[in-house]
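Student: Got a sequence here, can you build the structure:
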Amino acid sequence: MNRFLEILPGALAWATIALMILLSWLAPAWVAVFIILFDIYWLLKTVYLSFHLRASFGKIRENSKIDWLDKLAKGDNLKNGKWEDIHHLIILPMYKEQYEVVRESFASLANINYPKDKLIVVLAPEERAGEETRETAQKIENEFKDKFFRFLTVYHPADLPGEISGKGSNQAWAAKEAKKTIIDPLKIPYENILLSVFDVDTQVPFDYFGRLTYVFLTCEKPQRSSFQPVPLFTNNIFQAPALARVIAFSSTFWQMIQQSRPERLTTFSSHSMPFKAIVEIGFWDKDVVSEDSRIFWQCYLHYGGDWRVEPLFCSVSMDANVAPAFWKTMANQYKQQRRWGWGCENIPYFLKGFRKDSASEKRISAGKKLYWTFNIIESFHSWATNTIMLFALGWLPLFLGGANFNFTLLSYNLPQITRLIMTLAMVGVVSSAILSVILLPPKPVWFKKRHYVFYFFQWLLMPVTLILFGAIPGLEAQTRMMLGGKFRLGFWVTPKHR
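Tutor: Numbering: from 1, shown residues only. Sure, this is the predicted structure:
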């Protein structure tokens with residue numbers, strides 16, 4: 001059964017592509033009608049998502065103007081306890097990142113307006129990263145160890161049995177060490193601790209922990225929720241080539257859209273959750289690549305569907321994927337997208353969990369199981385196939401449909417109709433272009449007014465990014481899981497370069 005579930009996503013994607021080619025040959029008229037309807041669906045979806053993007057952006061901008069620490073002090077709507085009782089455990093896994101990258105992240109933590117005596121900060125380098133990483137970690141500890149309530153450096157041992165060397169196993173080791181050496185000796189109640197796991201390039205805004213604490217103390221079920229900010233990949237955005245900038249902002253905008261659809265939101269990258277929950281589920285699985293989304297499913301299954309993600313409608317800033325040379329940047333972009341696409345490994349995991357629940361306790365309703373099964377499988381299927389269909393089906397029937405089809409009125413009008421609909425769908429690209437300029441961080445001295453034009457029209461590259469850095473790595477990830485064995489992906493650490 002497990003192998004069948006691993007094969008399922010890739011098999012669906014490849015079956016779609018095969019049928020696309022086969023039916024363009026055998027039934028070109030039907031395919032032509034389908035692609036027109038599909039283009040209209042894509043247009044409506046683009047408009048729909050654009051509304052969500054604008055709504056989320058408006059809420060993020062509104063929240064950025066609020067003094068959250070002041071709201072906590074006034075006790076506005078706090079129903080889940082006192083904010084003074086909340087401690088924050090912050091874990092930053094580290095692997096060969098440059099000192100400058102790590103220091104900027106710690107400097108942002110040291111500069112927040114939240115009381116530092118409520119912050120327990122754990123730097124978690126990989127032991128296998130070598131002596132240079134050890135020296136960087138020591139420099140960070142020397143500089144920042146007195147800035148917080150507690151500071152702990154925890155080295156994750158190499159080659160532990162049953163582990164994939166990666167972020168999940170690292171932060172599980174670090175959280176257990178923090179529990180053993182700090183939390184338990186100080187007898188801090190687990191329910192009063194919020195755990196944040198940040199990529200080591202994550203920089204938090206001035207009032208981030210005020211906002212996080214406020215949402216925790218006002219949400220419906222604080223001990224059954226994860227808390228998700230929007231990642232802005234802008235720390236080094238001015239060093240990134242145009243293609244990398246479009247990819248970075250596209251990832252940000254998708255996460256921003258998801259904030260307005262919390263019923264579909266799962267955890268991604270840097271996020272927070274109750275420490276009590278992570279202890280109760282036994283910490284992160286140590287043999288997975290996509291630990292950030294897997295932790296959502298661990299909690300969802302452990303608590304019988306009583307888990308959700310609360311959108312924070314605020315941002316944290318992270319590094320765009322940039323290497324010293326253009327082609328190396330492109331290669332790294334592809335590998336990063338493929339690793340994110342490997343999130344499909346969660347499909348067999350939660351489907352097995354649903355099946356086990358159905359055979360025993362039946363705590364999760366059939367409606368919830370059907371909702372998540374359809375939406376997650378459909379999202380990965382769309383990731384791997386939709387843009388290929390959009391750009392291929394407009395011409396495939398013309399090439400494969402034969403003379404009989406090519407002499408029809410439908411054949412003549414198909415390119416014009418699809419071109420018109422896709423042009424109308426550019427409204428989404430225009431919205432993205434405008435927001436990407438608004439979200440740019442403070443400009444370097446060399447940035448002139450003419451650069452705004454370049455940064456706007458870089459979005460004409462979006463079709464390239466959707467296929468080369470969207471559909472293809474997504475399809476490869478699903479194919480690798482389908483093939484199994486030596487084709488399975490391990491954890492790939494995105495190199496950070498400034």
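Student: what ranges do the strands span in the stretch 151-300 of the chain?
Tutor: Here the stretch 151-300 of the chain has its strands, by DSSP state E, counting those that start in this stretch, at 193-197, 225-233, 271-274.
Student: which regions of this structure sit below the pLDDT cut-off?
Tutor: Scanning the chain for pLDDT under 70 picks out the ranges 412.
Student: Outline the domain layout of it.
Tutor: 2-60+367-487, 81-325 (automatic domain parsing).
Student: Return the distance of stretch 345-353 from the chain's centre.
Tutor: The chain centre lies 18 Å from the centre of stretch 345-353; the measure is C-alpha atoms, centre = their mean, to the nearest Å.
Student: what does that stretch contact?
Tutor: 1-2, 5-6, 8-9, 288-290, 293-294, 297, 300-301, 372-373, 376-377, 380, 481 (C-beta atoms under 8 Å, 6 or more residues apart in numbering). To be clear about C-beta, it is placed using only N, CA and C from the backbone, and glycine gets the same treatment.
Student: swap in stretch 125-141?
Tutor: Looking at what lies outside stretch 125-141 - C-beta under 8 Å, 6+ apart - the contacts are 93-99, 102-103, 106, 123, 151, 153, 155-159, 165, 170.
Student: Over to stretch 77-90?
Tutor: Here stretch 77-90 has contacts from 72-73, 109, 114, 118-122, 149, 175, 178, 183, 188-189, 192-196, 198, 209, 212-214, 216-219, 222, 275, using C-beta under 8 Å, 6+ apart.
Student: again, only using 6 Å
Tutor: Stretch 77-90 is contacted from outside by 72, 118-121, 178, 188, 192-196, 209, 213, 217-218, 222, 275, using C-beta atoms under 6 Å, 6 or more residues apart in numbering.
Student: what's the angle between the longest helix that the chain contains and strand 225-233?
Tutor: Ordering each helix of the chain by length in residues (DSSP state H) puts helix 28-63 first. Counting by axes from the mean of the first three to the mean of the last three C-alpha atoms, to 10 degrees, helix 28-63 lies at 100 degrees to strand 225-233.
Student: May I see the buried residues of stretch 314-329?
Tutor: Judged by neighbour count using 16 or more other C-beta atoms under 10 Å, the buried positions of stretch 314-329 are 314-323, 329.
Student: Quick one, which of the domains of the chain gets closest to residue 338.
Tutor: domain 2-60+367-487 (3.8 Å; C-beta to C-beta).
Student: how far out from the middle of the chain is the closest one?
Tutor: 18 Å.
Student: before we move on, back to that, and of the buried residues of stretch 314-329, the nearest to residue 281?
Tutor: Nearest member of the buried residues of stretch 314-329 to residue 281, counting by C-beta to C-beta, is residue 316, at 24.1 Å.
Student: Quick check: the closest one touching residue 202?
Tutor: Yes: under the criterion of C-beta atoms under 6 Å, residue 316 makes contact with residue 202 at 5.2 Å.
Student: which residues are common contacts for the two?
Tutor: Contacts common to residue 316 and residue 202, judged by C-beta under 6 Å, 6+ apart, are residue 270.
Student: Can I get the buried residues of stretch 314-329 in TSV including distance to residue 473?
Tutor: Formatted as TSV, the buried residues of stretch 314-329 follow (distance: C-beta to C-beta, whole Å):
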residue	distance to residue 473
314	29
315	25
316	24
317	24
318	19
319	19
320	17
321	12
322	18
323	16
329	15
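Student: Which members of those residues occur in strands, if any?
Tutor: Here DSSP state E is the test, and the buried residues of stretch 314-329 give 314-318 as lying in strands.
Student: Quick one: the residues you listed as a markdown table, columns for distance to residue 433 too.
Tutor: Listed next are those as a markdown table, based on distance: C-beta to C-beta, whole Å:
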| residue | distance to residue 433 |
| --- | --- |
| 314 | 23 |
| 315 | 19 |
| 316 | 23 |
| 317 | 20 |
| 318 | 21 |
